[in-house]
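In: need a structure here:
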Amino acid sequence: MEETIQRTSLEGKRAYTPLFFSLGVLLIILVILIAGMHFRHDPTNTDLWVHLTSGKIIYENKELPTQEILTYTRQGQPWSMHEWLYQLFLYTSYIHIGMTGILFVNTILILFSFALLFIYFKERFYLAIGVLVLLSYLLLISSNIRPHIISWIFLLLTFLSIKQKKEWFLPVLFLFWGNIHPLHLVGLTISFIYLSITFFYTKEKKLLWILLLSIITSTINPSGIKTFLIPFVISFEHINEWQPFSPYGQYFWLYTTFVLIGAYSFFRKKDFTLKSSGADCLTFILLVILGYSSRRHVAQFFIIGLPIIFSNLHDLFDNNLFTIRTVKKNIGVSIILFILLLFSLKYGEGFNPTFDWSKLPLEEVELIQTYNITGNIFNNYAYGSFLEFYLYPHNLVYIDSRAETMGQDLLNEYYDLGTKRKNDIFSVLARDNVTIVIVRHVMGNSNLLLNDPQWKLIYLDGVRASFVLRTNETEQVPELDLEHNPYVTLPN
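Out: Residues are numbered from 1 along each chain as shown. The predicted model follows:
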């Protein structure tokens, strides 16, 4: 039988020195690995500019707007600012520490959520490390700068509060969460599952009061009780993250693999009862359904689903950390993590604080500001909030990525202009008194405008083309020399 280190003996104290040193080295490598994987900018993250622009409006006006002001197509329509607290926090951070600074803050938030998971698995140290490394990879597609990162923390705090019988903490969580991100609705549903099943067996009325109070506090936000309707008023049809993963992609099969492992973990439980495992099982089913319906919810499945899965499989893992051979285990795991760290440095996209501005219309913004070009902008969906951040109130845009504010009719018109109604672009530009156009070639409008003498080409690359209407105001704006431009043959 393996010898266990005795804490009280002199030999034990000496043995603990290399043990804690090896543990320290292991944890440092783990933190660097996880932080590095997620310390990278995603310039295609359109929601970053949504939240920065919204935070800027709140910060400068010192109030929450209730009506749309940023787009000329939706002026006066209701503007739901249900994420205002995160947006104000993000913009305030941005003006003090810049773009790299908010990336650092985002990484710290991710590490904090992982630390909560580590606490949950603290009695199974090596299992915790394996789960965190695995989870770090699985969440790479979801870890950009957005409020759902804070929702991961609140989701885990909700789960841990219930598991550790500290349900009284839930109303406070939902008071803040309801002003940060609508994912609090998933948290409320999970709370309902656990508290209602516990109440069914214990008859503790305080659980019902806690649940009721949590529902009430979650509505103390600018949207009030309408907060429960937010997921149902968003147009999902044209938004990729609200679509399920393709069965031909790796994430679909990774997700399916863990769903099957989770199902197996419940089937192998010999002591499965509604009282002991019913809430875990129903929560797991809820997360599976959400994950298959939308890739947006896959992260929630992994964050809560993995703890449930590995709790069911706890007997397969050794939880005895304080043994003589633990030092050897720590050294072995450290070597593995260090190899993964080197691999990430060489081949991964992490450890990269630089922001690729070339994917955004920064040059067009500079031209508009330099030549003081006024008027409305017809723009690509992905560029809307970026343009708003730098040009509002001097210029208004056609559309941005606030799907719930844009509405289904505008989204349909926009996507039709890039598909079956391409030639209608001129009537739309005339209808809205547009003087600036910034579009991606995939919309199919670039060649139409290029061949129209009313429009002057001011920017062109392999992704987008930008134009201004020929007027006295834009006469001084330089026109591109197409004879020497490598992108003169535009995609159809």
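
In: okay, now the domains of this protein?
Out: The chain breaks down by automatic domain parsing into domains covering 10-347, 357-484.

In: hey, least reliable of those by pLDDT?
Out: Sorting the domains of the chain by mean pLDDT places domain 10-347 lowest, at a mean of 87.

In: returning to that earlier point: need the domains of the chain in CSV with mean neighbour count, can you?
Out: (C-beta placed from N, C-alpha, C; glycine too.) CSV is the format used below for the domains of the chain (neighbours: other Cβ atoms under 10 Å):
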stretch, mean neighbour count
domain 10-347, 17
domain 357-484, 18
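
In: before we move on, what SS does residue 468 have?
Out: Here residue 468 is recorded as strand under DSSP: H, G, I helix; E, B strand; the rest coil.

In: Which residue is the nearest non-sequential neighbour of it?
Out: Using Cβ to Cβ, 6 or more residues apart in numbering and skipping the chain neighbours, the partner closest in space to residue 468 is residue 474 (4.5 Å).

In: Could you do residue 478 as well?
Out: In space, residue 478 is closest to residue 458, 7.0 Å off (Cβ to Cβ, 6+ apart).

In: shouldn't residue 147 be in contact with residue 179?
Out: No: using Cβ atoms under 8 Å as the test, residue 147 is too far from residue 179 to be in contact (10.0 Å).

In: Now do the shared contacts for those two.
Out: With contacts defined as Cβ atoms under 8 Å, 6 or more residues apart in numbering, the residues shared by residue 147 and residue 179 are 83, 86.

In: in the protein, which spans are strands?
Out: Under the criterion DSSP state E, the chain contains strands at 376-379, 434-440, 455-460, 464-469.

In: wait, which of those strands is closest to residue 294?
Out: Taking Cβ to Cβ, strand 434-440 is the member of those nearest to residue 294, at 24.5 Å.

In: now that closest one, how far from the centre of its chain.
Out: Strand 434-440 sits 28 Å away from the centroid of its parent chain (Cα atoms, centre = their mean, to the nearest Å).

In: Could you name the helices and strands sitting against it?
Out: With contacts defined as 3 or more Cβ pairs under 8 Å, 6 or more residues apart in numbering; DSSP states H and E, strand 434-440 has these neighbours: helix 362-370, strand 376-379, helix 446-450, strand 464-469.

In: need the ones you listed in a markdown table with distance to residue 304, can you?
Out: Output for the helices and strands packed on strand 434-440, formatted as a markdown table (distance: least, Cβ to Cβ, whole Å):
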| stretch | distance to residue 304 |
| --- | --- |
| helix 362-370 | 39 |
| strand 376-379 | 38 |
| helix 446-450 | 45 |
| strand 464-469 | 40 |
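
In: Of all those, which one comes closest to residue 116?
Out: With Cβ to Cβ, the closest approach to residue 116 among those belongs to helix 362-370: 37.4 Å.

In: just to revisit the earlier point, turn the strands of the chain into TSV, including distance to residue 252.
Out: Converted to TSV, the strands of the chain look like this (distance: least, Cβ to Cβ, whole Å):
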stretch	distance to residue 252
strand 376-379	32
strand 434-440	27
strand 455-460	37
strand 464-469	31
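
In: and residue 61, which of the ones you listed is closest to it?
Out: Nearest to residue 61 among those is strand 376-379; the distance by Cβ to Cβ comes to 21.8 Å.

In: quick one: which of the helices and strands packed on strand 434-440 is nearest residue 80?
Out: strand 376-379 (21.7 Å).

In: quick one, what contacts residue 291?
Out: So residue 291 contacts 255, 259, 297, 298, 300, 301 (Cβ under 8 Å, 6+ apart).

In: if I look at the nearest residue to it once chain neighbours are set aside, how far off is residue 295?
Out: The shortest distance from residue 291 to any non-neighbouring residue, by Cβ to Cβ, 6+ apart, is to residue 301 (4.1 Å). Computed as Cβ to Cβ, to the nearest Å, the residue 301 to residue 295 distance reads 10 Å.

In: any idea how far the residue nearest to residue 468 lies from residue 410?
Out: Per Cβ to Cβ, residue 474 is found 26 Å from residue 410.

In: before we move on, what about residue 147?
Out: Distance, residue 147 to residue 410, by Cβ to Cβ: 23 Å.

In: Check residue 442 too.
Out: Per Cβ to Cβ, residue 442 is found 19 Å from residue 410.

In: Does residue 436 touch residue 376 like I think?
Out: Yes: if you go by Cβ under 8 Å, residue 436 and residue 376 touch, sitting 7.3 Å apart.

In: Show me whatever sits in contact with both of those two.
Out: Listed as contacting both residue 436 and residue 376 by Cβ under 8 Å, 6+ apart are residue 395.

In: Now do the longest helix anywhere in the chain: which elements does it pack against?
Out: The residue-count maximum for a helix in the chain (DSSP state H) belongs to helix 84-120. Secondary-structure packing of helix 84-120 (3+ Cβ pairs under 8 Å, 6+ apart): helix 10-38, helix 46-61, helix 125-138, helix 148-163, helix 298-312.
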